[in-house]
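Peer 1: Below: sequence and its predicted model.
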Amino acid sequence: MTSPPHHEEETLGKVYDARIMRRVFAYVRPHRRLVALAVLLLLAGSAAQLAQPYLIKVAIDGPIANKDAGGLTGIVVAFALLLVAEFMLRFGQIYCLEKIGWNVVYDLRREVYRHLQSLASSFFDRNPVGRLVTRVTTDIESLSELFASGVVTLLGDCVKLIGIVVILFWMDVRLATLTVTVLPLLGVGTFFFRLRIRDAFRQVRTRLARLHASLHETLTGMTVIQLFRRERANERDFEQINRAHRDAELSSVTYDSVFSAMIELVGSLTVAMIIWYGGARTLGGALTFGTLVAFLEYAQKFFGPIRELGSFYSVMQSAMASAERILALLDTKPGIVAPERTTPIPERAPEGIPTVEFDDVHFAYAGGVEVLSGLSFSIQPGERVALVGSTGAGKSTIARLLIRLYDVDRGAIRVNGVDIRDMDPRELRRKVAVVVQDQFLFAGTIARNISLSDPAITDERIRAAARAVAAEPFILSLTGGYDGAVQERGANLSVGQKQLLALARVLAFDPAVLVLDEATASVDSETERRIQEALHAVMAARSSLVIAHRLSTIRESHRILVLHHGRIREEGTHDALLTRDGIYRMLHRLQFEQPAGADNAPARFGGDPVTSG
């Protein structure tokens, strides 16, 4: 199975990019004191560890060879103190590094989350949720591993290796030379495997993002999957994606395991050479037995840092891949930004109700044909304007442009004469509220979903808004009332109930301009009638734009605009438009009028006329 293109990851750059690492390490600077402490603890711990084999040498060549029990006791006590010191220093080092890593995760995750909320809707059209979740979770945690067990540990391993080599040459030059002859072999092996490990990590990241995207799509679309009996087909698709991820992980593990096994093999060969050559020299009296034992101990410790350096390469590769993606996300410019100097909305009407004007607006979604072509109309203070038209005519696009989820390609949208591109988007969205057909509810309580935890929205205001849209009867019937639980995405509420809460939410925030985009399409006729009665008074104090397929909801609008192929083809009141033989009359006939020769009444569903779409 070939995944959709938007499930694919971007091509990665270099294995190591100094520019990227400089930006990543900027997040460490606030914790530089903790880093300095971790480095000091690491250096002290390394010193305590390196001193232990030398004490063994001293014990063997001194007190043991001379049968000095008192001297041996002193060395044993010193050795025990070094072990305790190493334990304490190691504990402090690991704690500091983990704290640095998770502090960086906290700071970076907060910044990415904030940045995601600033991006335009067009960005989310191009990027699946699964990929973005990977950025905020897995990718950022890869950077935590880089700091927790990477950079400072790398420094410690390098210091430890240098210290071991210096001690080895200080004890015996010939045996030390033999020990380090394996380094070129390790270098060749590292170069060979690093390229394959890099490619393996790239495959893992690509497959993981595809897995996340598939999971999110399946879980959010579960109702459709079950309704159309797609469980087995989806299971087969997921099995292929899951298998590809497993194979990529196994490929990465294979190279990593072979690399580790190679280091173990070279280490064992080195120990064998030390025993062979050092043993011969010991038998000849050129080398003490204590020195030979110390060499063997240092050889074991010598390959420990090399193994960790191999692991660090894997960590580094993973972190670089993650950092590249995270920084690319942070570098994505918000499509909708406030200008350096914003223009406030001037108050004209006594009640603060603004005038809304669309002036020769042209707009097309990315890579598509124009949805709106030279659209011009205005909404006067307190006026209720309706938009009708077939699916794809551009009605919902008008609502999105009005609150600047997208920017127009040409023309302008003005509120009280000010181009909305010159306004702070937050101020604009405080003035204009949109209620769409498919509302989103958060897990929590009924009251929280109306107020969105805004401290300015009091309990009385919440209840007043609920009463205004006839939502209070069903709210009070729930266990807990306004404190009743709302499951994720409102799963425990009906579609109509969720729509009532969405309407109450908008009214609680008291916008000056109200846009209803098929806002009552999901409720039954009786509920719709009650909402229309409530909204009749509410809209009297606001400029209103009502987008509807069901013409019964817009009969009392001051003006009806008929949209066709991105242009306004007809305009007038309900009665006036019915006198013309135009698009509106055709839509009305399809919904309400008895077709010629028909024996039955128009088809109805749930008491509502079936729309033409």
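Peer 2: The structure has been received and is ready for your questions.
Peer 1: low pLDDT regions in the stretch 1-150 of the chain?
Peer 2: Applying pLDDT under 70 to the stretch 1-150 of the chain flags residues 1-17, 148-150.
Peer 1: what are the ranges of the helices in it?
Peer 2: Taking DSSP state H, counting those that start in this stretch as the criterion, the stretch 1-150 of the chain carries its helices at 18-25, 32-59, 65-66, 69-118, 121-126, 129-134, 140-149.
Peer 1: can you tell which of those helices is closest to Leu330?
Peer 2: Of all the helices of the stretch 1-150 of the chain, it is helix 69-118 that lies closest to Leu330, at 5.7 Å by C-beta to C-beta. The way it works is simple: take the backbone N, C-alpha and C, and place the C-beta from them, glycine included.
Peer 1: Thr553 and Ser525, how far apart?
Peer 2: The gap separating Thr553 from Ser525 is 11 Å, by C-beta to C-beta, to the nearest Å.
Peer 1: do Ile56 as well
Peer 2: From Ile56 to Ser525 the distance is 91 Å (C-beta to C-beta).
Peer 1: what does Leu387 give?
Peer 2: Counting by C-beta to C-beta, the gap from Leu387 to Ser525 is 22 Å.
Peer 1: More neighbours: which of these two?
Peer 2: Leu387 (25 against 15; other C-beta atoms under 10 Å).
Peer 1: Number of residues surrounding Gly74?
Peer 2: Around Gly74 there are 12 residues (other C-beta under 10 Å).
Peer 1: when you give positions from now on, start the count at 42
Peer 2: With the count now opening at 42, the last piece we talked about shows up as Gly115.
Peer 1: in the protein, which helix or strand is least confident?
Peer 2: Here the helix or strand of the chain ranked lowest by mean pLDDT, DSSP states H and E is strand 645-646, holding a mean of 32.
Peer 1: could you dump the helices of the stretch 42-191 of the chain to CSV with distance to Asp450?
Peer 2: Below are these laid out as CSV (distance: least, C-beta to C-beta, whole Å):
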stretch, distance to Asp450
helix 59-66, 34
helix 73-100, 47
helix 106-107, 90
helix 110-159, 21
helix 162-167, 12
helix 170-175, 26
helix 181-190, 35
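Peer 1: nearest to Arg273, of the ones you listed?
Peer 2: Of all these, helix 170-175 sits nearest to Arg273, with 21.8 Å by C-beta to C-beta.
Peer 1: Can you mark which positions in the closest one are buried?
Peer 2: For helix 170-175, a neighbour-count test (16 or more other C-beta atoms under 10 Å) marks Gly171, Arg172, Leu173, Val174, Thr175 as buried.
Peer 1: Among those, which one sits closest to Ile394?
Peer 2: Distances from Ile394 to those, taken by C-beta to C-beta, are shortest for Leu173, at 38.2 Å.
Peer 1: Verify the contact between the closest one and Gln158 for me.
Peer 2: No - using C-beta atoms under 8 Å, Leu173 makes no contact with Gln158, being 11.5 Å away.
Peer 1: How far off centre is stretch 194-201?
Peer 2: Offset of stretch 194-201 from its chain centre (C-alpha atoms, centre = their mean, to the nearest Å): 34 Å.
Peer 1: Kindly apply the preceding question to stretch 418-431 instead.
Peer 2: 38 Å.
Peer 1: Quick check: end-to-end length of that stretch?
Peer 2: Start and end residues of stretch 418-431 are separated by 19 Å (C-alpha to C-alpha, to the nearest Å).
Peer 1: what comes up buried for that stretch?
Peer 2: Neighbour-count burial for stretch 418-431 flags Phe418, Ile420, Gln421, Pro422, Glu424, Arg425, Val426, Ala427, Leu428, Val429, Gly430, Ser431 (criterion: 16+ other C-beta under 10 Å).
Peer 1: quick one, what contacts the closest residue to the fifth one other than its chain neighbours?
Peer 2: When you say that, I think you mean Glu424. In space, and not counting its chain neighbours, Glu424 is closest to His599: 5.0 Å by C-beta to C-beta, 6 or more residues apart in numbering. Applying C-beta atoms under 8 Å, 6 or more residues apart in numbering to His599 gives the contacts Glu424, Arg425, Val426, Thr614.
Peer 1: Can you tell me the closest non-neighbouring residue to the second one?
Peer 2: If I follow you right, that is Arg425. Ser585 (4.4 Å).
Peer 1: For Met464, grab phi and psi.
Peer 2: phi -100, psi 160 (degrees, to the nearest 10).
Peer 1: Isn't it up against Val378?
Peer 2: No - Met464 is beyond contact range of Val378, at 11.3 Å (criterion: C-beta under 8 Å).
Peer 1: Of these two, which one has the most company?
Peer 2: Met464 (21 against 14).
Peer 1: What's the local residue count around Arg451?
Peer 2: 13.
Peer 1: Repeat that for Glu597.
Peer 2: Neighbour tally, Glu597, other C-beta under 10 Å: 13.
Peer 1: Helix, strand, or coil at it?
Peer 2: coil (DSSP: H, G, I helix; E, B strand; the rest coil).
Peer 1: From His615, how far out is it?
Peer 2: In terms of C-beta to C-beta, Glu597 sits 8 Å off from His615.
Peer 1: Sheet-wise, list the partners of the strand or helix carrying Leu557 with their directions.
Peer 2: Secondary-structure assignment from DSSP states H and E places Leu557 in strand 554-558. Paired strands of strand 554-558, with direction, are strand 473-476 (parallel), strand 584-588 (parallel) (DSSP bridges).
Peer 1: Can you check which of these gets nearest to Asn275?
Peer 2: Per C-beta to C-beta, nearest to Asn275 of the strands paired with strand 554-558: strand 473-476, 32.6 Å.
Peer 1: For the next helix or strand along the chain from the closest one, enumerate the helices and strands it packs against.
Peer 2: On the C-terminal side of strand 473-476, the nearest following helix or strand under DSSP H and E is strand 485-486. With contacts taken as 3 or more C-beta pairs under 8 Å, 6 or more residues apart in numbering; DSSP states H and E, strand 485-486 sits against strand 526-527.
Peer 1: Having no further points to raise, I will conclude here.
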